[in-house]
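Novice: Next come a sequence and a model predicted from it.
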Amino acid sequence: MNAICLVIDRLHVGHVGAYGNAWMDTPSLDRLACESFVFDQALASHPRIETIHESVWQGRHPLLGPSGGVATASLPGRLAEAGVATALATDDRAVADSRLAAAFGELVDLPPPERIEPAVDVGATHLAACFARIIDWLGSAEEPFLLWVHLSSMARCWDAPREFRHRYVEPGDPDPPDSAEVPRLLLPDDYDPDTLLGMVQAYAGQVSLLDTCVGALAEAIEDHPWAGETLLAMASARGFPLGEHRRVGAWDEALHGELVHVPMMIRLPGGLGAAQRSQALATPADLRPTLLEWWSLEDLPTGTLGTSLLPLIHGNCETVRDRLVLGSPDLETAIRTPAWYLRRADRPRLYVKPDDRWEVNDVADRCAEVVDELQAAADDFQACLQSGCLDAVAPISEILNSGLE
């Protein structure tokens, strides 16, 4: 039994066909979704990549703050104890040099994104070079193995050939930007919509390049004899704001949906769970206990965030949690339940979920009771988390679960 986890940093959930995008083509990602169990309501627990990996690999909630040294309970550490070969492939030095990354048995160096202009063809792009290296590694992989891939170029280099972004230009549109540089800005109140349109088209071109590379990886996996006993998971570490709240790129760490709502899907051998979807609240940190259960390994009690998703996929339950609390003590926090999303920033901001996908309508002033209940539910979770007694968390009310009548 093997597993491949493909984590694409800054992949916007609204730019994947399987998540409702109808104006651009992502055939490879959509095919993977058809072969997978898809989580419609997956949220990243934190906006900073180093904290995200602490949560994903170690199961430590960001509200607890950073831990000390490398924990034996980390995902690669537990798998190594069980005789599973582990490898981390990344183009992000901050990820490769992190203390938890040292628990992986092998580091597969991927070239860092450097290009400042679009490539002449797909083969000359940064993503193509990364996926070629990944495919090459898989050709000599020794079973059982876990290959964890973390790719950062969606946040650092948009070098897809120019025709990729131009395929999304309609008659009468101005030309999109002619650069591989990734924007990072706060749009003014009176911004020019054409300026934002060009950045969205450039991003869409990069997603199309990613889709091409994912297709090549999927074909390569199918060619191996171990394909029939290999789990493949794909997720985004965090999203990429594209003007939904005037932010473009990594401007700040406000916990809006375009930043924390991420695509996530798991493909199991034999087609188990294929073409099924769930509205259950999930998070990329659930991959750790899911993989431990995949290898029939007992989870250790140090994990405080993730929950195995295999019961959902097997149809043994409909949900794994009633809330997700996001953020950390040094940032704003937020709480998501099946019916609501509350951002606890300078003031409470409340949104109806899943209907208000990009948090357009703040209804906090009209639903004071809901705000109070969400605040209490978040405080209760944090208090039980700090005391190490998550089993004592009180269930949420029907209003928080199903919404107002």
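Specialist: Yep, it's here.
Novice: backbone phi and psi for Ala233, please?
Specialist: phi -120, psi 140 (degrees, to the nearest 10).
Novice: what about the residue located most distally from the centre of the chain, is that helix, strand or coil?
Specialist: Most distant residue from the mean C-alpha position of the chain: Gly172, 34.7 Å away (C-alpha atoms, centre = their mean). In three-state terms, and counting by DSSP: H, G, I helix; E, B strand; the rest coil, Gly172 is coil.
Novice: try Ile4
Specialist: With three-state DSSP as the criterion, Ile4 reads strand.
Novice: count of neighbours near it?
Specialist: Close neighbours of Ile4, defined as other C-beta atoms under 10 Å, add up to 21. Just so you know, the C-beta spots here come from the backbone N, C-alpha and C atoms, and that holds for glycine as well.
Novice: Now do the contacts for it.
Specialist: Ile4 makes contacts with Leu138, Leu146, Leu147, Val149, Ile221, Thr230, Leu231, Leu232, Ala233, as judged by C-beta atoms under 8 Å, 6 or more residues apart in numbering.
Novice: in this protein, which spans are strands?
Specialist: Counting by DSSP state E, the chain has these strands, from start to end: 2-8, 37-43, 85-90, 106-109, 145-151, 185-186, 230-236, 247-248, 261-267, 276-282, 324-327, 333-336, 340-344, 348-352.
Novice: for the ones you listed, which one sits closest to Asn401?
Specialist: Nearest to Asn401, of all the strands of the chain, is strand 340-344, at 9.3 Å by C-beta to C-beta.
Novice: Which residue, other than its chain neighbours, is closest to Ala85?
Specialist: Once flanking residues are discounted, Ala85 sits nearest to Phe145: 4.5 Å by C-beta to C-beta, 6 or more residues apart in numbering.
Novice: cool, and Leu342?
Specialist: Distances taken as C-beta to C-beta, 6+ apart put Leu374 closest to Leu342, at 4.3 Å, once the chain neighbours are dropped.
Novice: How confident was the prediction at Asp356?
Specialist: Per-residue pLDDT puts Asp356 at 96.
Novice: Then the one 5 residues further on?
Specialist: In the prediction, the pLDDT value recorded for Asn361 is 97.
Novice: mind checking how far it is from Val352?
Specialist: Asn361 sits 7 Å away from Val352, going by C-beta to C-beta, to the nearest Å.
Novice: Have a look at these two and say which one is more surrounded.
Specialist: Val352 (16 against 10).
Novice: Not counting its neighbours along the chain, what's nearest Gly65?
Specialist: What sits nearest to Gly65 in space, not counting adjacent residues and going by C-beta to C-beta, 6+ apart, is Pro329, at 6.3 Å.
Novice: Helix or strand with the lowest mean pLDDT in this protein?
Specialist: The weakest-scoring helix or strand in the chain, judged by mean pLDDT, DSSP states H and E, is helix 49-58 (a mean of 88).
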